[in-house]
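Enquirer: how would this look folded up:
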Amino acid sequence: MFLKKVTLLRENIASYEHYPFSIPSIKTLHELDFRSNVLFFVGENGSGKSTLLEAIADKCEFNTAGGGRNNHYEVHASESALGEYIRLSWLPKITNGFFLRAESFYHFASHIDQVDTKGFKDYGGRSLHKQSHGESFLSLFLHRFKGKAIYLLDEPEAALSPAKQLAFLKVLHDLVSKGDSQFIIATHSPILLGYPNATILSFDNGCIEEIQYEATDHYQITKYFLQHREKFLADLLMNE
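Expert: As a prediction, the model looks like this:
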């Protein structure tokens, strides 16, 4: 691992009444220690997981609209509201890596079209815009992601079919197995969360705490739905 700890600089916060400090998981945050090369952030929409991931990307000096340190372009409202209020602790400090922000990936692809001079070598040899959404994500993972780096991924499953999510897990595993890649991933995918020996941090219940895979809503709801689909849908759709 490279990134060991994230600390909220509480002494610099004037009030917890406004975003992002009003988010319960952020309001109660002091320090987070990272103990594995693959870390997942999970939680309901609005629970703060993407807010913290974006702040980490900001402190890594990655483009918070998506990209690495050398990707310079602007997207409206991509600034991090939390970045200047956290401190990252490294051992050792690295500068290589990437921030994937699924919601603004189109803008990143357009930026690459404008600046690429290598025939899209880092993206499978084709413009990302000339690949399907899922293909473009996998091309990024397969060709741009290399060792000795930290990768911050915000909902990478957004463009990936279940089969492609499994393909991504193989890419992740190949990089992590070499011992020189660290991943922090905000996700809703029970497939991705199943990666072995990963740490899962839940942002629900007003705090950030470690949770086991089988205890996540993602696992429990998906499992119940698959095992009891007819009853689940009858209860959901008929009791209105």
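
Enquirer: and the nearest residue in space to Phe225 that is not next to it in sequence, what helix or strand is that in?
Expert: Nearest-residue entry for Phe225: Phe232, 5.2 Å, with adjacent residues in sequence omitted and distances by Cβ to Cβ, 6 or more residues apart in numbering. (Glycine included, C-beta is placed from N, CA and C.) Assigning secondary structure by DSSP states H and E places Phe232 in helix 229-238.

Enquirer: what is the rounded mean pLDDT of that helix?
Expert: Averaged across helix 229-238, pLDDT comes to 92.

Enquirer: CA atoms only: put that helix into PDB for me.
Expert: The C-alpha atoms that make up helix 229-238 are tabulated as PDB, following Å, rounded to 0.1, in the frame of the first residue of the first chain:
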ATOM      1  CA  ARG A 229     -37.900 -13.100  -6.800                       C
ATOM      2  CA  GLU A 230     -41.600 -13.700  -7.100                       C
ATOM      3  CA  LYS A 231     -42.300 -13.000  -3.400                       C
ATOM      4  CA  PHE A 232     -40.000 -10.000  -3.400                       C
ATOM      5  CA  LEU A 233     -41.800  -8.400  -6.400                       C
ATOM      6  CA  ALA A 234     -45.200  -9.200  -5.100                       C
ATOM      7  CA  ASP A 235     -44.500  -7.600  -1.800                       C
ATOM      8  CA  LEU A 236     -42.900  -4.600  -3.500                       C
ATOM      9  CA  LEU A 237     -45.400  -4.000  -6.300                       C
ATOM     10  CA  MET A 238     -48.700  -5.100  -4.700                       C
END
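
Enquirer: I am finished for the moment; much appreciated.
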